[in-house]
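> output the structure for:
(chains A, B, C and D)
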There are 2 protein chains.
Amino acid sequence: MASTPPPSHNASNPVAAGDALPASSGLGTPAFSPLYQQIKALLLQSLQSGEWKPSTAIPSEIELAGRYKVSQGTVRKAIDELAAENLLVRRQGKGTFVATHAEQHVRYRFLRLIANNGDTEGPAERRIVDCKRLRASTEIAKALAIKPSDSVLQIRRVLSFAGQPTILEDVWLPAAPFKGLTAERLTAYQGAMYELFEKEFGVHMVRAEEKIRAVLPDAEQEKLLHINSPTPLLSVERIAYTYNDAPMEFRRGLYLTDTHYYRNELS
Amino acid sequence: MASTPPPSHNASNPVAAGDALPASSGLGTPAFSPLYQQIKALLLQSLQSGEWKPSTAIPSEIELAGRYKVSQGTVRKAIDELAAENLLVRRQGKGTFVATHAEQHVRYRFLRLIANNGDTEGPAERRIVDCKRLRASTEIAKALAIKPSDSVLQIRRVLSFAGQPTILEDVWLPAAPFKGLTAERLTAYQGAMYELFEKEFGVHMVRAEEKIRAVLPDAEQEKLLHINSPTPLLSVERIAYTYNDAPMEFRRGLYLTDTHYYRNELS
DNA sequence: GAGTGGTCTAGACCACACT
DNA sequence: GTGTGGTCTAGACCACTCC
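Modelled structure (predicted):
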């Protein structure tokens, strides 16, 4: 009994690593996938499908190990990666939780604008200027990976810090997943926009890409930001993605950078 | 022999986790430190001290495990973290290597400027405008964590893409570690600046922080970038850090963002 | 084939949070 | 105390690289 051979584990596993090993069906790579990656994919599926909702706990490592018929260590490694990607949050002694935008310290996770004095507060005031439904331009359609004929919501808002309008933002959303979103609901909601998306539409933004440029505002933009003299602004174009790497938001922000700056860490 | 008790490992270990466990010497936190963190610190020390040089292989996991009297798994976890921080690079079948700026695909690791058409090429031309030695201003001294009376090197250069001057950069370095750096050596060197720092001065930049704003250039800056009409620029202030988290460079870049953009990923 | 990192397991024990 | 994640170990086997 001391020499029980460990089960040749790739035999009866949750996901077959490959149907036939040497019979590479024309592809150059056999696409070997470690067990923990397969587990990770399964966990991801449970997140995508909404089986586990933001801020709730997922099953314990031991339970998941039993469910998937693998060791706890393998589940750990899968969860480790999801935690590193900010999809899950581990809390020792309590459990592993689905990440959310609805918590104080991560509320403005994607907002990199910091006050010169180091204050890391979110905007004090959020004013919805406009919210309307229209057809996607080719640019927007491309960013959101939808057809130009599809309809989108366009939201314009101004964020202020200490009474000073600092950010002018245009946000475009595919109309279908956000059916029922109006200027009133946006104005009424206390909290970050991504928090609203999560709670009211079940859309959780996972990651985003930004393209940053320096621009000069036009007359209308100057007016909304209370700018009198010629002032360069940061143009921040963002595409935000949800679980399955599907783009779910396109956003263009104009940032005033006299009292604030955009902070980035390189490594 | 099947029940050899595993050695109560915190007894004779490389670094004592704490001299006396409950005798918290006035501090609120006992500062429990896992073994792998201690190993990580030791590895970090070998990197800092220059014992292992960039692009060379460090000892194998098995050897390190023997050296530190811990299991291979513990060494693995320490290396995993250093690899995640881009200090080490793992290569299956070959070994674990000290990260370097001197490789094609990571040469411009900290340069986030991308051509609009997606080209990810580095600058085609690098022209050194000036390189002189002077006393640190209070701003520079603060950024570099040195005394205002200390001397620093100031380098000014222009980077061009496809013949078009696109980046105007001022770089400040503490004079001491970079003794002997001249405009001639900078001009002569083929490769990225951080590659030169690494090879000729043993200074390896590990991470950096950037503050980004939109600005309007003055007359001299416009001239150096061949700008005729009023054009807003991206101002990118960077502090770069070496192993021990010591600031070793302050840099201010002015980026032309008509043909390029600054790319950032959020997660 | 020998050496390296990569995966997987099983089991012990520690630190932390709730109750 | 019980349950959860966190650490550590020892050993087996796999995948990749080079000789």
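> please count neighbours and contacts with C-alpha atoms only from this point.
OK.
> which residue ranges form the strands in chain A?
A:88-91, A:95-98, A:113-115, A:125-135, A:151-161, A:164-174, A:205-215, A:233-242, A:247-255, A:260-266 (DSSP state E).
> and the residue of chain A that's closest to DNA strand C?
residue A:35 (2.7 Å; CA to the nearest atom of the strand).
> next, format the strands of chain A as a markdown table and append mean pLDDT and distance to residue B:214.
Putting these into a markdown table (pLDDT from 0 to 100; distance: least, CA to CA, whole Å) gives the following:
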| stretch | mean pLDDT | distance to residue B:214 |
| --- | --- | --- |
| strand A:88-91 | 98 | 35 |
| strand A:95-98 | 98 | 37 |
| strand A:113-115 | 97 | 13 |
| strand A:125-135 | 97 | 23 |
| strand A:151-161 | 98 | 18 |
| strand A:164-174 | 98 | 13 |
| strand A:205-215 | 98 | 5 |
| strand A:233-242 | 98 | 5 |
| strand A:247-255 | 98 | 9 |
| strand A:260-266 | 98 | 9 |
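> how many residues are close by residue A:181?
Residue A:181 has 18 neighbours, counted by other CA atoms under 10 Å in any protein chain shown.
> the domain parsing of chain A - what is it?
As assigned by automatic domain parsing, chain A contains the domains A:35-98, A:104-262.
> now look at the last one and say if it contacts chain B.
To tie it back to what came earlier, the one meant is domain A:104-262. Yes. Domain A:104-262 reaches chain B (CA under 8 Å from any CA of the partner chain) through A:110, A:206-216, A:231-234, A:256-258, A:261-262.
> show me what contacts the residue in the stretch 51-200 of chain A positioned nearest to chain B?
As assessed by CA to the nearest CA, chain B sits closest to residue A:110 within the stretch 51-200 of chain A, at 6.4 Å. Listed by CA atoms under 8 Å, 6 or more residues apart in numbering or on different chains, the contact partners of residue A:110 are A:208, B:266-267.
> one more pass at 7 Å, please.
If you count contacts by CA atoms under 7 Å, 6 or more residues apart in numbering or on different chains, residue A:110 has them with residue B:266.
> may I have the phi/psi pair for it?
Here is the backbone geometry of residue A:110 (degrees, to the nearest 10): phi -90, psi 0.
> can you list the residue ranges for helices in the stretch 1-150 of chain A?
A:35-48, A:61-68, A:72-84, A:138-144 (DSSP state H, counting those that start in this stretch).
> out of those helices, flag the one nearest residue B:193.
helix A:72-84 (31.1 Å; CA to CA).
> got a list of contacts for the closest one?
A:36-37, A:39-40, A:61-62, A:64-65, A:88-89.
> give me the angle between it and helix A:61-68.
110 degrees (axes from the mean of the first three to the mean of the last three CA atoms, to 10 degrees).
> CA atoms of helix A:72-84 as CSV?
These are the backbone C-alpha positions of helix A:72-84, laid out as CSV (Å, rounded to 0.1, in the frame of the first residue of the first chain):
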residue,chain,number,x,y,z
GLN,A,72,-6.5,20.7,-4.2
GLY,A,73,-3.2,21.9,-5.5
THR,A,74,-4.4,21.9,-9.1
VAL,A,75,-7.5,23.9,-8.2
ARG,A,76,-5.3,26.3,-6.3
LYS,A,77,-3.2,26.9,-9.3
ALA,A,78,-6.2,27.6,-11.4
ILE,A,79,-7.6,30.0,-8.8
ASP,A,80,-4.2,31.7,-8.4
GLU,A,81,-4.3,32.7,-12.0
LEU,A,82,-7.8,34.0,-11.9
ALA,A,83,-6.9,36.0,-8.8
ALA,A,84,-3.8,37.4,-10.5
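> list the buried residues for that helix?
A:72, A:74-80, A:82-83 (16 or more other CA atoms under 10 Å in any protein chain shown).
> in the sheet, who's paired with residue A:266?
Counting by DSSP bridges, residue A:266 is bridged to residue B:208.
> isn't it up against residue B:208?
Yes. Counting by CA atoms under 7 Å, residue A:266 touches residue B:208, with 5.0 Å between them.
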